[in-house]
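S.K.: I'll drop the sequence and a predicted model, then ask my questions.
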Amino acid sequence: MAIVESPETTTPGAPSRSVGDYISDYFRRLAGGELGSLPAVAGLIVLCAIFTVLRPVFFSAINFANLFTQGAQVVVIAMGLVFVLLLGEIDLSAGFTSGVCAAVLATLLTNRHWPWYLAVLVAVITGVVIGTVLGTLVSKVRIPSFVVTLAAFLAFQGIALLMLKNGTNISISDPVIGAIENRNLPDWLSWALLAALVAGYLGVQLLRIRSRAARGLPTDPLPLVAFRVGAVAVIGGLAVYFLNIERSQNPLRVSLRGVPVVVPLILILLLIWTFVLSRTAYGRNMYAVGGNQEAARRAGINVDRIRVSAFIICSGMAAIGGIVAASRANSVDPNTGGSNILLYSVGAAVIGGTSLFGGKGRVLDAVLGGAVVAVIDNGMGLMGYSAGVKLVVTGIVLLAAAGIDALSRRRAAASGLR
């Protein structure tokens, strides 16, 4: 699916496109190399089908809920990385940035006894400061982002060790922070959340039709809009139904049912950043800079400011990812944000459809790619494969995604779509 709409001639009273026209246009763009998130969605469906057949427990209610909590940190960090990747840059420090911010959170909560909201605020501000420094070094000093963030990757490991006394584990007992990954919404609130999501999506679709019609641009056919809204309602309804099934082995003692609290958090972040990229001048400038930096500069866009802001958003989202990780473990240690978190996060963004070459991507890509990574890790774990095999398979999937992106860009250039 194309990320930026191609210029269209404004014609007063332009009619709605028919479903046939839309389908023809979609397949024309596919043939021209504009694959969008199709490979990620197809891969996700195939992987889920394979693991469900080989290990039926994969699609059980308890494992379905585990997929959301296991992949939450990677998805949140990947959302921030999308902004940096859109500019053709990279942030290798995002994983340990999340670890440093989590260490700040834990120190303030446990050692300083600060209230959770102030500790969270300071942790996110720490991420913003880190992003400002990294972005300034890349944009103003002109040091390549690979070098800057690699240096930060190494330095932040040391900072985390110093903050945590060379290996101390700081426990977090705050109930609000713990609830992010370890609590669930009540059944009624889970359904209410779905209803609000479907209603909001319908409203956005109708507003888009109204806006395009007011400008004389062709609008999507109403049957297609109804299909989209219906698909969201059906998929969301099935998800809520399975998540509302009792997952506890002893429900009289501890009940485990409902949508995990981290899910609405991810949805809120997804909606905010999707709006920013697709409905604001800032988002259009981001795509313009990623597509052609020099052309964007000549068009009057402050390129340096856009680049710095991308690193700020990336590190700020890494801070939120660190908070999510601290919630899941109920503690913070020097490994928080380390291990494979960075690799999985970059992989999630790329697998979802964000281009490593810049100028192409959506925040939704991070969610889809994060789901693919979580499914691979979870499914292969259930099948008893070692960590080494998981990494090999994930690496192959990432390489395939990057290869598809390179080939699709070449195809799009040849067909004149880019």
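M.R.: Arrived safely.
S.K.: Now for A288: which residues touch it?
M.R.: By CB atoms under 8 Å, 6 or more residues apart in numbering, the contact list for A288 reads A295, A296, A299, I301. Placement of C-beta: from N, CA and C, glycine included.
S.K.: Please name the nearest non-neighbouring residue to the third one.
M.R.: Nearest in space to A299, with sequence neighbours left out and distances taken as CB to CB, 6 or more residues apart in numbering, is A288 at 6.8 Å.
S.K.: where's the one you found relative to G359, distance?
M.R.: For A288, the distance to G359 (CB to CB, to the nearest Å) stands at 8 Å.
S.K.: list the buried ones in stretch 389-403?
M.R.: Buried residues in stretch 389-403, counting neighbours by 16 or more other CB atoms under 10 Å, are found at K390, L391, V393, T394, V397, L398, A401, A402.
S.K.: Test my guess that the fifth one contacts D377.
M.R.: No. Here V397 does not reach D377: they are 11.1 Å apart, not a contact under CB atoms under 8 Å.
S.K.: Now which of the contacts of A288 would you call buried?
M.R.: Neighbour counting with 16+ other CB under 10 Å marks A296, I301 as buried within the contacts of A288.
S.K.: Looking at the contacts of A288, point me to the pair that's furthest apart.
M.R.: Comparing all pairs in the contacts of A288 by CB to CB, the longest separation belongs to A295 and I301, at 9.1 Å.
S.K.: So which residues of the stretch 101-250 of the chain form helices?
M.R.: For the stretch 101-250 of the chain, the helices defined by DSSP state H, counting those that start in this stretch occupy 116-139, 145-163, 175-182, 187-214, 222-243.
S.K.: Check the offset of the fourth one from the chain's centre.
M.R.: On the basis of CA atoms, centre = their mean, to the nearest Å, helix 187-214 is displaced by 20 Å from the centre of the chain it belongs to.
S.K.: repeat for the second one
M.R.: For helix 145-163, the gap between its own C-alpha mean and the chain's C-alpha mean amounts to 23 Å (CA atoms, centre = their mean).
S.K.: separation between the closest residue to L105 other than its chain neighbours and S190?
M.R.: Spatial nearest neighbour of L105, excluding adjacent residues (CB to CB, 6+ apart): A123 at 4.2 Å. The span separating A123 from S190 equals 28 Å under the rule CB to CB.
S.K.: When the two are compared, which one has more neighbours?
M.R.: More neighbours surround A123 than the other of A123 and S190, with 26 against 23 (other CB atoms under 10 Å).
S.K.: any idea of the pLDDT on the more buried one?
M.R.: The predicted local confidence for A123 comes out at a pLDDT of 96.
S.K.: My guess is it contacts V104. True?
M.R.: Yes. With contact defined as CB under 8 Å, A123 counts as touching V104 (4.8 Å).
S.K.: For the chain, which segments are assigned as strands?
M.R.: With DSSP state E, the ranges of strands along the chain come out as 170-171, 331-332.
S.K.: Contacts only, for A406.
M.R.: For A406, the contacting residues are F357, by CB under 8 Å, 6+ apart.
S.K.: From S355, how far off is it?
M.R.: Distance of A406 to S355, computed by CB to CB: 9 Å.
S.K.: Could you list the low-pLDDT ranges of the stretch 251-400 of the chain?
M.R.: For the stretch 251-400 of the chain, residues meeting the criterion pLDDT under 70 lie at 252.
S.K.: Give me the pLDDT value at S415.
M.R.: Among the per-residue scores, S415 shows a pLDDT of 61.
S.K.: Same check on I130?
M.R.: 96.
S.K.: What's the local residue count around it?
M.R.: For I130, the neighbour count with other CB under 10 Å is 27.
S.K.: out of everything not next to it in sequence, what's closest to it?
M.R.: When the adjacent residues along the chain are set aside, I130 lies closest to S315, with 4.5 Å between them (CB to CB, 6+ apart).
S.K.: I'd say the one you found and G95 touch.
M.R.: No. Using CB under 8 Å as the test, S315 is too far from G95 to be in contact (11.2 Å).
S.K.: higher neighbour count, those two?
M.R.: S315 (32 against 29).
S.K.: so who does that one touch?
M.R.: S315 is in contact with G80, D91, S93, A94, T97, G127, V128, I130, G131, L134, counting by CB under 8 Å, 6+ apart.
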